[in-house]
Every structure is written in C-alpha cells, then in structure tokens.
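Enquirer: Please find the sequence and the predicted model below.
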Protein chains: 2
Amino acid sequence: MNFSINRDLLLDNLLVMQRGLPLRTSLPILTTIKFDVKEDHIILTSSNTDIAIQVLIEDEDISIGKTGVLTIPGKFLIDIIRKSTSNRIEFTLIEDRIVVVKSDRSEFKLRLMDATDYPDIDFLSNDREPLTIDSELLKTIIKETSYAASTSEKRPILTGVNLKYNDNNLLVVATNSYRLSQKEVKLRSKATDFDIVIPSKNLDELSKILDNNSTDILMYVSHNKVLFKIDNILFQSSLLEGTYPNTSRIIPTEFPVVISFNKDELLLAVERVSLLSPKDRDTNYNIIKLRLNNDHSVELLSTNKEIGDANEVILPSGDVVGTIINIAFSSRHLLDALRSFNSNEVVINFAGEVRPFVLKSTQDDSLLHLILPVRID
Amino acid sequence: MNFSINRDLLLDNLLVMQRGLPLRTSLPILTTIKFDVKEDHIILTSSNTDIAIQVLIEDEDISIGKTGVLTIPGKFLIDIIRKSTSNRIEFTLIEDRIVVVKSDRSEFKLRLMDATDYPDIDFLSNDREPLTIDSELLKTIIKETSYAASTSEKRPILTGVNLKYNDNNLLVVATNSYRLSQKEVKLRSKATDFDIVIPSKNLDELSKILDNNSTDILMYVSHNKVLFKIDNILFQSSLLEGTYPNTSRIIPTEFPVVISFNKDELLLAVERVSLLSPKDRDTNYNIIKLRLNNDHSVELLSTNKEIGDANEVILPSGDVVGTIINIAFSSRHLLDALRSFNSNEVVINFAGEVRPFVLKSTQDDSLLHLILPVRID
C-alpha cells in the first residue's frame, strides 16, 4: 500500500474526520481514522458511538501506487500533518502493521491497528428521498436553536434538538425547560414527513464542518439515524429515542406588554447589570430584574447583599405597549437569546410577571425565543 | 467624597492595579483597591502578600469635588469599568460605606470595606541610589530568563530569578536544576552592588505592566524588597530568602561538538518529532534524541512503543565542529530555550553525551541557555 497526497488537501479532510473521533472510548480501534485506498480515490472514515463521518477524496492531487486499507491513530496523524510544512505527504506500508508517513526530511513510522477490527458502519443509503437544505440556512438554524438545549442528562430527550418536517415546513425546537428557542422555515424541496430529535452536540460538530462548505445539503432520515450529505462528506448522527415534549402549548399568545430594544444596547446593559447579580440556587445563573416604568423607561436591576446594587436605564427603541411590569430572570438566558439574533432590533413580549416572555426580531418572524421568569422574593 | 475621571484613563490604571490583587487571600481587605483621593490627584494601591502596586493619577482628565479614602472591591470595579462604554465615570460616596459609580445611564452602588483596615504598605523610599534600566531591556531580560525558573516549591529559592549587580555588570540567572538561563548585560548607570532573588511570577506580572510603558525604570533594592519605579507606577516585590546556588561552575567551558542551526527550522523539527515522544517519568516531559552523524547531518529521533517512531533530518546552517554525538533531552526544555531567542540562528555547544549542553546566539553573546541531558537507555 502506498500513495501520496497534497498536504493541505489531506489536512482539510482530516479536520473533518476529527469531528467523528471519540474523546474517550472503550473501543481503541475508534481512535483511528480508516483509510480505504482504492484505485483512483481514498475513502476516510471516523466514528464514535454517536457520529460517523466519511469523506471521499477523488482529486488529481492524490497519486495512488498500491491499494489497501489502513487504520491510523487519528489524533497523532492530525498533529503530524498540522505541523508539517511540506507540500506533499507520502504514505507507505512497510510491514503488515507499520505505515511510514514521509514529508520533506521528516519520517514517522506509525503502528497500525488491525483494520479488520474496524466496525462496519451502516450509512443510510441514498435511495431514500432526501430533504434539500441550504448550507447557510442549516448553519443559521443550528446557531439559533442548539444553544437552548439542555446540557443535563436528567431528561435526555432535552439534550437534543427537535426537527419536525411536514409539507415543506420545518419546525426546529430546543429547550432546557427554562428557556426555549424555536425556528420555523419554509423549504423549497419536498420530502417525506419526519419528527426527529438530534443530539445538540452532534449538530454543533456538523456546524463546524458546514463552516467550510457552502452548498445544498441532502438530509436523509430513518427511524434511528440522520445522514447529512455535504459534497463529498457523509455526516451521520444517531437520533435520541423518546417523544419530544409538545412545547407549543407553553408559548403564550396574548402579550399585554411589548417593548422594542436596540439589541446591542440591551446586550451591553444586561452584561453590566449582571456583573453584581447573585446566582440562582438551582441553575447557578445570575438573576436580574427588568422593570417597565410608567414613563416607559426601562430599568434593569440587580442586588447583591455583599457587593452592592446595579441599576441601568434603557430607552426602548420604538413604541411601547402596556404600562408597568416587574419581572426577574436569568441574565444568562437573555444574553444567549440576544446573541443568537442577527437583527439590530429585538422585541420582547411579556405575558405577565410569572409567565414566560417571548423575544422576536422585527426583521425576521421565523425565530422565537422564550424565557421563563423566576419568582421575585 | 466625589470625583469624576475619564473612563480610559481609569481603566488603564485599574489594569495595572489588577496585577497586585491576590487570587486568594485570608485578608478580605486586600481584594479591594484603595483610592486615596487628594486635592489634585488620586493614589491607587493594591497589594497581596508578595506584590504591592501604587499609581499616582495626576491628570487634567480627573475632576475632584471632595477628598477622601475608598476601598472598593477590585475585581468588580475592574469588570464594571471594562464593560462601560461611557466616556466619563463619576464616583460619589453617599453613605459612610457606599459609593455610587455612575456612567451614562448605569449606576452601581458598591459596598466598601473599612478603609482603616487597609494595611500600611511600606514602599522603599526614594533616598536610596537606584539602578536605572531601560524598560525594553528589562522586558527582554525577564522574557529570556524567568521561564527557566522552577515552578515546584521543593527548593523555593529556585522559583526565583537571581539578579547580581556588580560594577555596572548585571548577571541574571534562573534555573529549575534541569535547565538554566543566564543573561549578562553592561549597564550605563551605576548603583550599589546587590545580589537578590525575585520570585519569577512577580517578574512576569511586572513584565505585563512594562508592556504599556517604555521609559527608563528606576530599581531600588533593600535586603528584603525591590521597588521598580515606572513613570507614575510603583511596583514592589518581596525577595526570596536564602542563598542562590552558585551556577557558574556547572556551565561547561570546553565544547568538542558545536553545531549551528536555523532557529525556526530546528524549532519546527523538534515540535514534530516531539509529537510521538514518550514522557519522562520524573518531569512528565517528552524525551527526544539528537544525533550528529559522520556526514554532519543531524537527526532528531523519538520512539514510542505504542504509537511509533519519528525521525527528522536537519541540515546545520553553518560549519560543524566535532564528529559524532548522540544525546537525549526533554524537548520541552529545548523548545522553551529556542522560543526565548530573538535571533534567527542558534549555536548548540555540546560538552559530551552526559554533560549539559549550551545554546547561544551568534548575534548576541549576552544570553546563554543550558540544558541537562537525560540518560539514554
């Protein structure tokens, strides 16, 4: 087995494979990247229990001498290629289980694991009808929703993001039961309806791969897996089992108080007021208060018995509906929600002092954030 | 007590004070920054058990209404001013122990500690004869030596940097007993001789303050303290007690093998070869080998039973003295030493396979690094 490849081409593809390598694993073979060297192309595979990734390298920048299969320690190989300043990298199998990786004047002899131990990975076949989705849109959807999922394993289903597709309509929801993000988009392409829950951390890994690829993405869904096809990359994630809670009924529909803000002004003010705010016992988040006064000025407040108080006045950026409201919440939840908006303006819709409030953008109706208040002592 | 001050001016000075705040302390008052507000200037003080810092702010950008003394929670104040987008900050004492910090539409009421609890700090008086040293030179000396000091408290004296001044000659040495850095410079100014050991972490803090100040620095020395005067800043450090080991006798003087390298080429090669190298049991550092061959090529090698071997050939950048040598050492020590050089070329002088080797630059004779080899099995 021997082949040579352009260094940058290899590194780009290895960095995609890295997203599939496990951080910890009881199966040592999964710490390797599998190289299937064929006559005129190379297939790379990496996988952990949750994610499997495969790329097809078919390029004039590879030159294949002899075909074969290699399972190379992934982390080490990536470090070596990253540190290489050579233009070209040569791989040669010199013994049954030793590959020489050569670039310029450096030579690494790497011990291989037994390639036959590498598990067969069942990528969803292309014969299903896929959903087509624009790469930029998918990246945006992940950015806007994934952060809102739970990081606690108390209710495993909430560590995922719910994607519901029905008749060209894609509804995406994530929540940790204290806050919720919901995105709804119309898609041009048509596919079979689905209702799935993808682990949010897998979507975050997918998002990093999307950063370097702008193209139409094909999405294949089965009962326990989802496959994203991005050019020459296959990214497959397991799905979470169980029924995602019906969140639509917790979103209020009547809002007696509505206030528009300049997003950046609000963000900075919340950051400042949070500096002194005490932590909530349950969530360890900083709690701040928002008060709409009779004169339509808005105050943000926090009180810390040991350090002191913070108070900031913000002027709403547009018309204000309603009169007085006094509501307390985690500043972290509000900051997360504000940061996920691309628009300059946000509108906060209050349903009452002990009811969830809803953030929307004036420019884009597809995105909604909901935050639960905490009780004020 | 009330005054107002330009935000940037305040922040710049607070960031200097931050270097003196303790990370942990059993004396809560030391978590504050002391403001001495006088008729026409403000003196800020911060201190931990090791470092004391004082700055004098005398600027047309402060406007003082009423004098007084405040001890304000340091970390919180710095966070607040850093997040402020206001041009001006107002401080007003509204109760005996509450100060209002106001900027634009934000208002922080901070609880103060009792200013009379703040310890008296005895800064060395200016009546001694100081040593004058250029700020850039002092920064360079710290960068080149401080990293080599020990981080272990086994031999506390080695956590410091030894500065010996004698007849216009300043000799600076740091070592952790596995490697050593020595810098020797001639100074223009004359002062009383001294031989002191400054904690290396304090020099690192000083170095960060020097980043923003280029000027002549005055250095005052007593038996247990050293004071650096940088414009309007006083930076005082405690000294380590005890006798610094005499390191001159461990530096070899005869070098049968001498090899010159392009510094960056060597650095990259060492980084690559270290990727696979096993860790030394004592130091947890990666051990690599350097071999000078008969044909004057130099090989770097590492062997890892589990992962594989690395081998890189480097061509010396100049003449080679000597024939064969085969020596093993911590790659981390070599990398640290190489990174502290400003020159493009380094010369490694070998005294033998089990004797320390010495790095020097061809351009600058004032700096010397020494590294102890490890035994090869």
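Expert: It's in. Numbers count the residues shown, from 1 in each chain, chains lettered A, B, ... in the order given.
Enquirer: tell me which residues of stretch A:358-373 are tucked away?
Expert: By 16 or more other C-beta atoms under 10 Å in any protein chain shown, the buried positions in stretch A:358-373 come out as A:358-361, A:366-373. Every residue, glycine included, has its C-beta placed from N, CA and C.
Enquirer: CSV for those residues, including distance to residue A:182, pLDDT and secondary structure?
Expert: Conversion of those to CSV gives the following (distance: C-beta to C-beta, whole Å; pLDDT from 0 to 100; DSSP: H, G, I helix; E, B strand; the rest coil):
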residue, distance to residue A:182, pLDDT, secondary structure
A:358, 10, 97, strand
A:359, 11, 97, strand
A:360, 10, 95, strand
A:361, 13, 91, strand
A:366, 9, 93, coil
A:367, 7, 95, strand
A:368, 5, 96, strand
A:369, 8, 97, strand
A:370, 7, 97, strand
A:371, 12, 97, strand
A:372, 14, 95, coil
A:373, 18, 94, coil
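Enquirer: how about these in a markdown table, adding distance to residue B:164?
Expert: What follows is the buried residues of stretch A:358-373, written out as a markdown table (distance: C-beta to C-beta, whole Å):
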| residue | distance to residue B:164 |
| --- | --- |
| A:358 | 69 |
| A:359 | 64 |
| A:360 | 69 |
| A:361 | 66 |
| A:366 | 70 |
| A:367 | 66 |
| A:368 | 69 |
| A:369 | 63 |
| A:370 | 67 |
| A:371 | 62 |
| A:372 | 65 |
| A:373 | 65 |
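Enquirer: Among the residues you listed, give me the pair with the biggest separation.
Expert: A:366 and A:373 (24.6 Å; C-beta to C-beta).
Enquirer: And the helices in chain A?
Expert: Here chain A has its helices, by DSSP state H, at A:7-18, A:74-83, A:135-145, A:200-210, A:263-274, A:331-339.
Enquirer: Any idea how far the fifth one is from the middle of the chain?
Expert: On the basis of C-alpha atoms, centre = their mean, to the nearest Å, helix A:263-274 sits 25 Å off its chain's mean C-alpha point.
Enquirer: Show me which residues of the stretch 101-250 of chain A are close to chain B?
Expert: Residues of the stretch 101-250 of chain A found near chain B (C-beta under 8 Å from any C-beta of the partner chain) are A:105-111.
Enquirer: of all these, which comes closest to residue B:60?
Expert: residue A:106 (60.2 Å).
Enquirer: what's the neighbour count on the residue nearest to that closest one when sequence neighbours are not counted?
Expert: In this structure, residue A:106 finds its nearest non-sequential neighbour in residue B:312, 4.1 Å apart by C-beta to C-beta, 6 or more residues apart in numbering or on different chains. With neighbours defined by other C-beta atoms under 10 Å in any protein chain shown, the count for residue B:312 comes to 22.
Enquirer: these two touch, right, residue B:312 and residue B:275?
Expert: No: contact criterion C-beta atoms under 8 Å: residue B:312 and residue B:275 do not qualify, at 10.6 Å.
Enquirer: quick one, domains of chain A?
Expert: A:2-117, A:131-238, A:251-371 (automatic domain parsing).
Enquirer: I'd like those as a markdown table, with distance to residue B:279 appended.
Expert: Shown next, in a markdown table, are the domains of chain A (distance: least, C-beta to C-beta, whole Å):
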| stretch | distance to residue B:279 |
| --- | --- |
| domain A:2-117 | 15 |
| domain A:131-238 | 30 |
| domain A:251-371 | 36 |
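Enquirer: weakest of these in terms of mean pLDDT?
Expert: The stretch with the lowest mean pLDDT among those is domain A:251-371, at a mean of 91.
Enquirer: Report the contact partners of residue A:225.
Expert: A:124, A:236-239 (C-beta atoms under 8 Å, 6 or more residues apart in numbering or on different chains).
Enquirer: Could you measure from it over to residue A:356?
Expert: 33 Å (C-beta to C-beta, to the nearest Å).
Enquirer: And residue A:72, by the same measure?
Expert: 50 Å.
Enquirer: likewise residue A:305?
Expert: As judged by C-beta to C-beta, residue A:305 and residue A:356 stand 28 Å apart.
Enquirer: So between those two, which is more surrounded?
Expert: The neighbour count for residue A:305 versus residue A:356, taken as other C-beta under 10 Å, is higher for residue A:356 (20 against 8).
Enquirer: and that one, what does it touch?
Expert: By C-beta under 8 Å, 6+ apart, residue A:356 lies in contact with A:180, A:250-252, A:370-373.
Enquirer: distance of it from residue A:366?
Expert: 19 Å.
Enquirer: now residue A:159
Expert: Distance from residue A:159 to residue A:366, by C-beta to C-beta: 24 Å.
Enquirer: what about residue A:299, neighbour count?
Expert: 18.
Enquirer: so it bridges to which residues?
Expert: When bridges are called by DSSP bridges, residue A:299 pairs up with residue A:291, residue A:313.
Enquirer: So it sits against residue A:291, correct?
Expert: Yes: under the criterion of C-beta under 8 Å, residue A:299 makes contact with residue A:291 at 4.5 Å.
Enquirer: With chain B as the reference, measure out to the most centrally placed residue in chain A.
Expert: When C-alpha atoms, centre = their mean is applied to chain A, the residue found nearest the centroid is residue A:204 (2.3 Å). Separation of residue A:204 from chain B (C-beta to the nearest C-beta, to the nearest Å) stands at 27 Å.
Enquirer: Spatially nearest residue to that residue, not counting backbone neighbours?
Expert: Among residues not flanking residue A:204 along the chain, residue A:146 sits closest, at 5.8 Å (C-beta to C-beta, 6+ apart).
Enquirer: Help me confirm that the one you found comes into contact with residue A:206.
Expert: No: here residue A:146 does not reach residue A:206: they are 9.6 Å apart, not a contact under C-beta under 8 Å.
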